[in-house]
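Colleague: Sequence and predicted structure are below.
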Amino acid sequence: MKPGRAEQGAPDGKAPVGVKICGITTELALQAACATQADWIGLVFYDRSPRHITPASAQNLLARHQGATPDLVGLFVKPDDRAIEAALDACALDVLQIYDTPERASAIREKFGRPVWLSCPVTTKDDLPRANDVDALVIEPRAPASAANPGGNGLRLDWNVFRDWLAPSPWMLAGGLTPDNVGQAIAESGARFVDVSSGVETAPGQKSASLIRNFVKNARTPYRSPCAPHKN
Ligand SMILES: O=C(O)c1ccccc1NCC(=O)[C@H](O)[C@H](O)COP(=O)(O)O
């Protein structure tokens, strides 16, 4: 996974936090993600999602856009090869994000020659993966059995689960992040990459340009806890 693309390095000497805005379906959201220099945008090729986009609509959306876009992540839930082929025929996807088994994710990487990010549902520390053969992990809370979608539910993890975890590959924190909590989430979890969808929406699937702007800005601003002693 590449480091975040913000223009300047963070004051702590680390690369800036990389940001993915997931579930882009409109020009307004696409422009906001581009203007803020998000690192990735996610296109959800899953028809049960309120953020679902078809390959043809994604192609139109991208064709209407003037200028460069962030890298494109195509998101798939238990896809067959034809679904991935259709999306790749329509859009130059840089990354495939998969909700499926690690074995299927490896097979997809082999077949399509694209980096594959595997979504990992987590409830407790014990669910954090110890080994894998993917390019990156997207760690998010396990959706309740009643949820229609395995992600994009606005649920958040206990960010302390990452303490002492030896991550087997680069990983991205997802789930329940908002402009207001992303700084604290990064500080507590140690994440260097973050992913948001419903936290930058006014209703399911309705992205807000100002929430996208604030999210990216706050993800890249060093966080100071309100409880920390104040230094002049
Ligand atoms: O966003 C969706 O509708 C979705 C549907 C099916 C599978 C995954 C989905 N989203 C995955 C994402 O990448 C989200 O950014 C991630 O789960 C965080 O979601 P949120 O809690 O809404 O920020």
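Modeller: Cool, the structure landed.
Colleague: residues in contact with the host helix or strand of L96?
Modeller: Of the helices and strands defined by DSSP states H and E, L96 is found in strand 95-99. Residues lying outside strand 95-99 but in contact with it, judged by Cβ atoms under 8 Å, 6 or more residues apart in numbering, are 40, 42, 71-79, 84, 104-105, 108-109, 112, 114-119, 135, 138, 150-151. Using the backbone N, CA and C atoms, a C-beta is placed for each residue, glycine as well.
Colleague: what about it, distance to the chain center?
Modeller: The gap between where strand 95-99 is centred and where its chain is centred comes out at 10 Å by Cα atoms, centre = their mean, to the nearest Å.
Colleague: which residue does the protein bring closest to the ligand?
Modeller: Of all residues in the chain, the one sitting closest to the ligand is G152 (2.2 Å; Cβ to the nearest ligand atom).
Colleague: pLDDT wise, what is that residue at?
Modeller: Predicted confidence (pLDDT) at G152: the value is 90.
Colleague: That one: what's it in contact with?
Modeller: The neighbourhood of G152, defined by Cβ under 8 Å, 6+ apart, consists of 22-23, 44, 49-51, 197-198.
Colleague: Tell me the buried residues in the strand holding L96?
Modeller: Buried residues in strand 95-99, counting neighbours by 16 or more other Cβ atoms under 10 Å, are found at 95-99.
Colleague: what separates the residue nearest the centre of the chain from K111, distance-wise?
Modeller: Central residue of the chain (Cα atoms, centre = their mean): D195, 3.0 Å from the mean position. Taking Cβ to Cβ, to the nearest Å as the measure, D195 and K111 are separated by 24 Å.
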